[in-house]
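Chemist: Sharing a model that was predicted from the sequence below.
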Amino acid sequence: MRHQFFFILSGKAILEIDGSRQVLSQHEGVEVPPNPHQMLNEGESNLEFLVISQPPSYGDRILSDSIKSSPS
């Protein structure tokens, strides 16, 4: 079972866990239990965040089309 901790560096995030939404602002963090969840950026500014997983996770990220098509 993987627990994750999300920490917002800049911007505003919406963390959705089992259909419930929580807004996270800059310098806020939250631990996420091993439930289905997703991080959303519905604002106009960029969102930068850290995610720390225990145990480590590899290959479990799904990027939305808007992220894939944005310029780097």
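Modeler: Great, that's in hand. Keep in mind that this is a model prediction, so the values were computed, not measured.
Chemist: distance of residue 13 from residue 1?
Modeler: Distance of residue 13 to residue 1, given as Cβ to Cβ, to the nearest Å: 23 Å. Backbone N, C-alpha and C define where each C-beta goes, glycine included.
Chemist: between the two, who's got more neighbours?
Modeler: Of the pair residue 13 and residue 1, residue 13 is the one with more neighbours under other Cβ atoms under 10 Å, namely 24 against 6.
Chemist: Contact partners for the more buried one?
Modeler: 6, 23-24, 39-41, 47, 49 (Cβ atoms under 8 Å, 6 or more residues apart in numbering).
Chemist: Switch these over to JSON lines; also include secondary structure.
Modeler: Listed next are these as JSON lines, based on DSSP: H, G, I helix; E, B strand; the rest coil:
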{"residue": "6", "secondary structure": "strand"}
{"residue": "23", "secondary structure": "strand"}
{"residue": "24", "secondary structure": "strand"}
{"residue": "39", "secondary structure": "strand"}
{"residue": "40", "secondary structure": "strand"}
{"residue": "41", "secondary structure": "coil"}
{"residue": "47", "secondary structure": "coil"}
{"residue": "49", "secondary structure": "strand"}
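Chemist: so which of the residues you listed comes closest to residue 31?
Modeler: residue 6 (8.2 Å; Cβ to Cβ).
Chemist: hey, what's the residue nearest to the spatial centre of the chain bridged with?
Modeler: When the chain is reduced to its mean C-alpha position, the nearest residue by Cα atoms, centre = their mean turns out to be residue 39, at 3.3 Å. Per DSSP bridges, the residues bridged to residue 39 are residue 15.
Chemist: That one reaches residue 11, doesn't it?
Modeler: No. Taking Cβ atoms under 8 Å as the definition, residue 39 is not a contact partner of residue 11, at 10.7 Å.
Chemist: Find the residues that touch each one of the two.
Modeler: With Cβ under 8 Å, 6+ apart as the test, residue 39 and residue 11 both reach 47, 49.
Chemist: can you give me the strands in the protein?
Modeler: 3-10, 13-17, 20-24, 29-32, 37-40, 48-54 (DSSP state E).
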